[in-house]
Every structure is written in structure tokens, then in C-alpha cells.
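Enquirer: Quick one, structure for this:
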Amino acid sequence: MPDFDYKGFMQDFAIADRFGEAAVRETYSRAFKEWKENVEYYASLVMTLNHRLWAWYDRGNDRMARLYDELWKKADEYGCEHFKGEDAEYYFRFLD
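Expert: I've put the predicted structure just below:
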């Protein structure tokens, strides 16, 4: 298992954060569409959403924390249902 690799997602979302909720949603939509079939990138996306959720929560910004919580739940649900076999093993091990 490699160390956690954000695959560039952390930087993408940090930029989107500066432009508000619509930009965060657009960044999520683009990342989801492009990487939903690649378990390594997708797991990194889900991990990034979780990290951004807690970063905003720690800063006391409930609105952004709730947005990231919504996106993280949606992304994790897809990952849990979509990946099978070795991909599922990787997904759950990576996010554990």
C-alpha cells in the first residue's frame, strides 16, 4: 500500500475553495466524471474530500464543512457500491 497521494486533488480543491461553493461543486463533478473508474485516483479523491471537510470544520466554517460532507458522502457511497473484487479491497484498505 503506497503512502497517501492526493493525486493533485488537494490543490484543485484549495483553488476552488477561493471561488466558493459553486466552484467546489464543479471541481468535484469534473474529478468524479474523469476518475470514477480508476480506483487509485478515486480513493484519493474521496480521501481529499474527507480532509477538506475536517479542515473547514476545524476552521469553524460550517457551510463549507457541510458542503464537503455532502460531497464526501456521495463519493464514498459510489465507491462502496461500485468497486468490486481487488478494486474494492484496495478502496477499503486505502481509506481505512
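
Enquirer: Could you double-check that residue 95 sits in contact with residue 47?
Expert: Yes: contact between residue 95 and residue 47 holds when scored by CB atoms under 8 Å: they sit 6.3 Å apart. All C-beta atoms are positioned from the backbone trio N, CA, C, and that covers glycine.

Enquirer: Settle it for me: which of these two has more neighbours?
Expert: Shown here are residue 95 and residue 47; by other CB atoms under 10 Å, residue 47 has more neighbours (21 against 15).

Enquirer: which outside residues touch the strand or helix carrying the more buried one?
Expert: Element membership for residue 47 (DSSP states H and E) is helix 39-59. Contact with helix 39-59 is made by 4-7, 9-10, 13, 17, 28, 31-32, 35-36, 64-65, 67-69, 71-72, 75-76, 79, 83, 87, 90-91, 94-95, as judged by CB atoms under 8 Å, 6 or more residues apart in numbering.

Enquirer: Could you export that helix as CSV, CA atoms only?
Expert: C-alpha atoms of helix 39-59 as CSV (Å, rounded to 0.1, in the frame of the first residue of the first chain):
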residue,chain,number,x,y,z
VAL,A,39,-9.8,3.1,-8.0
GLU,A,40,-6.5,4.7,-7.1
TYR,A,41,-7.4,8.2,-8.2
TYR,A,42,-11.0,7.8,-6.9
ALA,A,43,-9.8,6.7,-3.5
SER,A,44,-7.5,9.8,-3.4
LEU,A,45,-10.5,12.0,-4.4
VAL,A,46,-12.6,10.5,-1.5
MET,A,47,-9.7,11.0,1.0
THR,A,48,-9.2,14.6,-0.2
LEU,A,49,-12.9,15.4,0.3
ASN,A,50,-12.7,14.0,3.8
HIS,A,51,-9.6,16.0,4.6
ARG,A,52,-11.2,19.2,3.3
LEU,A,53,-14.3,18.5,5.4
TRP,A,54,-12.3,18.4,8.6
ALA,A,55,-10.1,21.3,7.6
TRP,A,56,-13.2,23.5,7.2
TYR,A,57,-14.8,22.1,10.4
ASP,A,58,-11.6,22.9,12.3
ARG,A,59,-11.7,26.5,11.0
